[in-house]
Each structure stands twice: as C-alpha cells, then as structure tokens.
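K.L.:
Structure for this input, please:
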Amino acid sequence: MGRPISKAVFPVAGLGTRFLPATKIIPKEMLPVVDKPLIQYAVEECLAAGITEFIFVTATEKSVITDHFLNAQDLETKLIRRSNLESLKVVQEISLKPDSIHIAVQSEPLGLGHAVWCAREIVGDEHFAVVLPDDLVLSREPCLKQLIEVYEKVGGNVVAVEDVPRDSTNKYGILDVLKESDGVVQAKGLVEKPDASIAPSTLAIVGRYLLAPSVFAELGKNVEGAGDEIQLTDALARTAHATTFYGYRFNGRRFDCGSKGGFLEANVAFALNHPDLAVDARDRISALLAES
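P.N.:
Presented below is the predicted three-dimensional model:
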C-alpha cells in the first residue's frame, strides 16, 4: 500500500552523558556491543530491510560515526600485506557507498523531534525510517524489516511498540489504542511521557519509526513538549487526524542501551547469541556467578 522506503534517519547528536567518561571523546553510538559499535547494528538492520540511503543527524564533531562506514584504505592495505583476509572481509563488509551517506547537523540538542526535522531537506517528500541506535533489538528477522512488511500492507505511520510497566509510561510515547489485530495496533492518538495515572495504555513506542513526510511541517512549528524539548511523539499526535497511525508488536527483544544496565544486558545477550562466542561466554558467565 505504501511507497517503498529507501531512506533512514539516525539521530546521533547526543552527548552520551550517562556513559561519561567513556563518551568524552568516543560518541556513545560507537560503544561496542561484543564486537560491533551500536551504530553498526542499526545500519546493518537497515541494510537487511532494503534501506539504501543513510542520514546521520550529528553534531559537527562526530564525523567518526560516518567515517566508520567508509573505506579505511590504510587499514585495508596493511591487512592485505599481512594476508589477514578474514579481518579484511569484516572491515569491507560494513563499508557503504559514499553517495549513500548523508550528514545533517543538529547544532543544538533540542530533542528527538528537532533532530528528525534537521533531516527534512535530505528526506524530501517521501516516507522514511527513523532508527534510534540506543534501542538494540535481538531478533531472527530484523525489526525494521518487520515494520516495513506491515507498512506495505497498511501505509500511514508505523512504529515499533511493546508493553512497559505502568509506572514507566512517563519515559515513553504511549499509544491510545483504537483496535488491534495480529500484533498490528491502530491508534487514535498518542501521548508523550504521560504519568501512569493518565496514560491511555502501557503500549510504548521504541526506537523504530516509519513516518510520512507530513511530520516535518509539525516539527517545524518548534512546539516544546516534555523536558522543554521538541518531541517527535507530540508532532505525530498532531498529524494523527490526517495520517493513520499504527504500532506493531515486533518479534524480538529490545535492549535499552541508553542506560548502563541495558547496555550491559545487551552485551551479555549478544555474546550468548554470537556464533563464535556463545559457548565461551556461557562458561565465563557461569564461572563469575559461581564465584559471586
């Protein structure tokens, strides 16, 4: 039903203050989960979903993020000389075509909505994806691919959702549910970070969005919401009367890598699912638990 989606926006301009001092020089999105930085998982998920253009909304000093996806000629030359073809393949597999990488600069940290708005000229007049690298999903089928399959059937705006504890609704955008069928939830509205006492449900938006370009007009009004920031959820709520809005209960497990506990949990889970590390990881974790 919907037009094919080819562009993904990655809001990566945050300061990563929860992870200081590790993020004093290294962007949070470059912190590794096992053997890949967070942003690489996000890009690989998009590649698997058919995305061909990658828009990084970044602070000016974060070029290391986009550099990660370009050819590292000096490194590759050294690996070739040492006949280290296995490492060479690992490095080359994540390289993107330079003309598929776009950078939009967010000069001030004014919220997720503002970050998305900064990509408006590159996105243009077409549906697009927004992927938050902080939300890392472990699943057999990439989360974004699952959303695109739903979007192709229903159109409109489609977001990944999961139930959260009621006392945590004030941390998320929450859906006001109209009806649900086979994991696809049609919403009549949504609320950004509502108190538990007034939350319309416990169904929260997590880190993956497929959006109509009409959201840019609302974001451009610079209306501040929770935390005195320009909230993406608020803008989407104001377009709900004109654009159908769906949540999808994706198959997989989400890890909140924006918190230290979630980041640690993600490392353990991905290690236990790594083809080369799973057995060793299980043994080491078991040994540590026995010692403690």
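K.L.:
and residue 177, which of the three is it?
P.N.:
Counting by DSSP: H, G, I helix; E, B strand; the rest coil, the backbone at residue 177 sits in strand.
K.L.:
So that it lines up with my notes, have the first residue be 17 from now on.
P.N.:
Renumbered: residue one is now 17, and that last one reads residue 193.
K.L.:
Chain neighbours aside, what residue packs nearest to residue 126?
P.N.:
residue 246 (5.4 Å; C-beta to C-beta, 6 or more residues apart in numbering). For glycine as for every other residue, the C-beta is placed from the backbone atoms N, C-alpha and C.
K.L.:
List the beta-bridge partners for residue 202.
P.N.:
residue 195, residue 262 (DSSP bridges).
K.L.:
Check the contact between it and residue 191; I expect there is one.
P.N.:
No: judged on C-beta atoms under 8 Å, residue 202 makes no contact with residue 191 at a distance of 9.2 Å.
K.L.:
Return every residue with contacts to both of these two.
P.N.:
residue 261 (C-beta atoms under 8 Å, 6 or more residues apart in numbering).
K.L.:
more crowded one of those two?
P.N.:
Between residue 202 and residue 191, residue 191 has the larger neighbour count (other C-beta atoms under 10 Å), namely 27 against 16.
K.L.:
so that one touches residue 179, yeah?
P.N.:
No: counting by C-beta under 8 Å, residue 191 does not reach residue 179; the two are 10.4 Å apart.
K.L.:
Mutual contacts of the two, please.
P.N.:
What both residue 191 and residue 179 touch, as defined by C-beta under 8 Å, 6+ apart, is the set 219-220.
K.L.:
Let me see the contact set for the spatially closest residue to residue 187 that is not a sequence neighbour.
P.N.:
Of all residues beyond its chain neighbours, the one nearest residue 187 is residue 209 (6.4 Å), with distances taken as C-beta to C-beta, 6+ apart. With contact taken as C-beta under 8 Å, 6+ apart, residue 209 is in contact with 185-190, 242-243, 247, 249.
K.L.:
Just name the closest of those to residue 142, please.
P.N.:
residue 249 (21.4 Å; C-beta to C-beta).
K.L.:
count of residues packed around the closest one?
P.N.:
When neighbours are counted by other C-beta under 10 Å, residue 249 comes out with 22.
K.L.:
Buried residues in stretch 174-194, which are they?
P.N.:
Neighbour counts over stretch 174-194 (16 or more other C-beta atoms under 10 Å) mark 174-178, 180, 185-186, 188-193 as buried.
K.L.:
Which residues in stretch 259-279 does the neighbour count mark as buried?
P.N.:
Buried residues in stretch 259-279 (16+ other C-beta under 10 Å): 261-264, 266, 270-274, 278-279.
K.L.:
and those residues, which of them are in strands?
P.N.:
Of those, the ones assigned to strands by DSSP state E are 261-264, 270-272.
K.L.:
picking up where we left off before, check the buried residues of stretch 174-194 against residue 301 and report the nearest one.
P.N.:
residue 178 (25.4 Å).
K.L.:
was I right about the closest one contacting residue 219?
P.N.:
Yes: under the criterion of C-beta under 8 Å, residue 178 makes contact with residue 219 at 7.5 Å.
K.L.:
Mind jotting down where the helices sit in the protein?
P.N.:
54-64, 79-83, 89-97, 101-109, 128-133, 136-139, 159-170, 231-235, 248-255, 276-288, 294-307 (DSSP state H).
K.L.:
for the stretch 167-308 of the chain, which spans come out with low pLDDT?
P.N.:
For the stretch 167-308 of the chain, residues meeting the criterion pLDDT under 70 lie at 240-244.
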